[in-house]
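> A structural model of the following input is requested.
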Amino acid sequence: MTRSKVFVTRTIPAAGLDLIRAACDVDLWPDELPPPRAALIERVRGVDGLLCLLTDPVDAAVMDAAGPGLRVISNHAVGFDNIDVAAATARGIPVGNTPGILTDATADFAFALLMAAARRVAEGDRFVRAGRWRTWGPELLLGPDVHGATLGLIGFGRIGQAVARRAAGFEMRILYFDPTAPAADPALRAEAVNLETLLREADFVSLHVPLTPQTRGLLNRETLALMKPGAILINTARGPVVDPAALAEALREGRLFAAALDVTDPEPIPPDSPLLTLDNCLIVPHIASASIATRRKMSLMAAQNLIAGLQGEPLPHCVNPEAYR
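Predicted structure coming up:
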C-alpha cells in the first residue's frame, strides 16, 4: 500500500511527529528557522499533506506548487492567518488548526506578563545583574498594584474569559470589549463596554483577538491616546494588532507605564526596533503556549488533523468545512 507523502515545515514534539511518521512518508525541514519561500515551494511539490506553522505563509502559489494531490493543510497553531483559507477552500483542501488546548497556558502567561510588567520583574533582574543593587530603597522600582485594579480585556473568547477567571482571584474589576462574544458568565462579574470606555478606564489592557482586517492596527496612535495615563498594555494575541511605532512613542513619553509583549510586528522583532531601547517594554519570543503539556497536545492535534485529511475523513478541527462541499 502506497504511503502518503507529507512535508512538515519544522520539528514538532515527538508525540505528534511519531504519529505522522507511523502513517506517512515524512519530509521534515530540520532547521530552527522556517523554510524560505523558495524552499517551501520546492519541498511541497507532489505532497499529499502539509503540516505547517504560523511562520509559514501558505498561499495559492504554495498550494498550486504542491499540485492537485494536496489533500490537507494542518496548521500547528490556533490562529491561521498565515494560510489563505479562501484559496484552500476553492481547491477543496480542508485546513486544520489546534483550538482549545492553548487556553489555560496562554491565559497563565498573559497574567504572568501583567504581573511582571506591573512589578517590574525584568527591570529588577537587569538592575541586579548590572551590579546596581546597593541597598533596600523605599522608592526602588515602584510599580502599580494589581490587586483591586481594573482589567480591560479586548477579545472575550476562551482565552479572554480564562484571564478574567484569574483576575477574579485578585479582586480586579473586569471590563471587556467584544462585539461578537455572547453574554458573559455572571460568575465572572465582567462588564461589557465599548472600546473607548475600556481604554479610558482600564489600568491594564490585555489583547485576546485574532488577526483580521478589523483588528489589524486596532491599537494605534489614536486609540493608544485614549488609554488611561499610566496604564499597562499586554499582548499575547498577534503583533499587528498594535502599531509598534505608536506604542514606542506612548511608552517613551510616559503616557503608558509599561507594555508586555509576547508577539510583535514584525516577528521576530528587528534588533533596531525602538521598543528594544525602552526599559518599560518587556518582550518575550512568542512563548505564551510554551508549556510542555500544551505543546505536546498541539502536536498530537495537528497530526490527527493531517492524518484524517489524508485518509479522506473529516478533520477533527477544521476551519473551513465548506471545503468538503
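
> run the chain-centre distance for the helix of greatest length in the chain.
When the chain is parsed with DSSP state H, its longest helix is helix 292-310. Distance of helix 292-310 from its chain centroid, counting by Cα atoms, centre = their mean, to the nearest Å, is 18 Å.

> what do you get for stretch 155-165?
On Cα atoms, centre = their mean, the centre of stretch 155-165 falls 14 Å from the chain's centre.

> in stretch 217-224, which residues are buried?
Neighbour-count burial for stretch 217-224 flags 218, 219, 223, 224 (criterion: 16 or more other Cβ atoms under 10 Å). The C-beta positions use only the backbone N, C-alpha and C, and glycine is treated the same way.

> from those residues, which land in strands?
Nothing among those maps onto strands, per DSSP state E.

> what sits against residue 167?
By Cβ atoms under 8 Å, 6 or more residues apart in numbering, the contact list for residue 167 reads 111, 151, 174.

> closest one of these to residue 313?
The closest of the contacts of residue 167 to residue 313 turns out to be residue 111 (Cβ to Cβ; 37.9 Å).

> contact partners for the closest one?
By Cβ under 8 Å, 6+ apart, residue 111 lies in contact with 163, 166, 167.

> if we use 6 Å, what do you get?
For residue 111, the contact set (Cβ atoms under 6 Å, 6 or more residues apart in numbering) comprises residue 166.

> backbone phi and psi for it, please?
Main-chain dihedrals, residue 111, degrees, to the nearest 10: phi -70, psi -30.

> could you do residue 150 as well?
Torsion angles at residue 150 (phi, psi; degrees, to the nearest 10) stand at phi -100, psi 130.

> once you drop chain neighbours, what's closest to it?
residue 173 (4.4 Å; Cβ to Cβ, 6 or more residues apart in numbering).

> next one: the one you found from residue 254, what distance?
For residue 173, the distance to residue 254 (Cβ to Cβ, to the nearest Å) stands at 24 Å.

> just say helix, strand or coil for the closest residue to residue 31 other than its chain neighbours.
Closest residue in space to residue 31, ignoring its immediate chain neighbours: residue 10 at 7.9 Å, by Cβ to Cβ, 6+ apart. Using DSSP: H, G, I helix; E, B strand; the rest coil, the structure places residue 10 in coil.

> quick revisit: more neighbours: which of residue 173 and residue 254?
The neighbour comparison of residue 173 against residue 254 (other Cβ atoms under 10 Å) goes to residue 173, with 16 against 10.

> hang on, isn't residue 146 packed against residue 119?
No - using Cβ atoms under 6 Å, residue 146 makes no contact with residue 119, being 7.7 Å away.

> for the two, indicate the residue with more neighbours.
In this comparison of residue 146 against residue 119, neighbours counted by other Cβ under 10 Å, the higher total goes to residue 146 at 20 against 16.

> do you have the helices of the stretch 1-150 of the chain handy? List them.
Applying DSSP state H, counting those that start in this stretch to the stretch 1-150 of the chain gives helices spanning 14-23, 37-43, 60-66, 85-90, 103-118, 121-129.

> how about those helices in JSON lines, adding mean pLDDT?
Output for those, formatted as JSON lines (pLDDT from 0 to 100):
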{"stretch": "helix 14-23", "mean pLDDT": "97"}
{"stretch": "helix 37-43", "mean pLDDT": "97"}
{"stretch": "helix 60-66", "mean pLDDT": "98"}
{"stretch": "helix 85-90", "mean pLDDT": "98"}
{"stretch": "helix 103-118", "mean pLDDT": "97"}
{"stretch": "helix 121-129", "mean pLDDT": "97"}
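
> so which of those gets nearest residue 197?
Nearest of the helices of the stretch 1-150 of the chain to residue 197, taken as Cβ to Cβ: helix 103-118 at 20.0 Å.

> quick check: angle from the closest one to helix 121-129?
Counting by axes from the mean of the first three to the mean of the last three Cα atoms, to 10 degrees, helix 103-118 lies at 50 degrees to helix 121-129.

> helix 103-118 to helix 292-310, inter-axis angle?
Using the same axes, to 10 degrees: helix 103-118 against helix 292-310 is 140 degrees.
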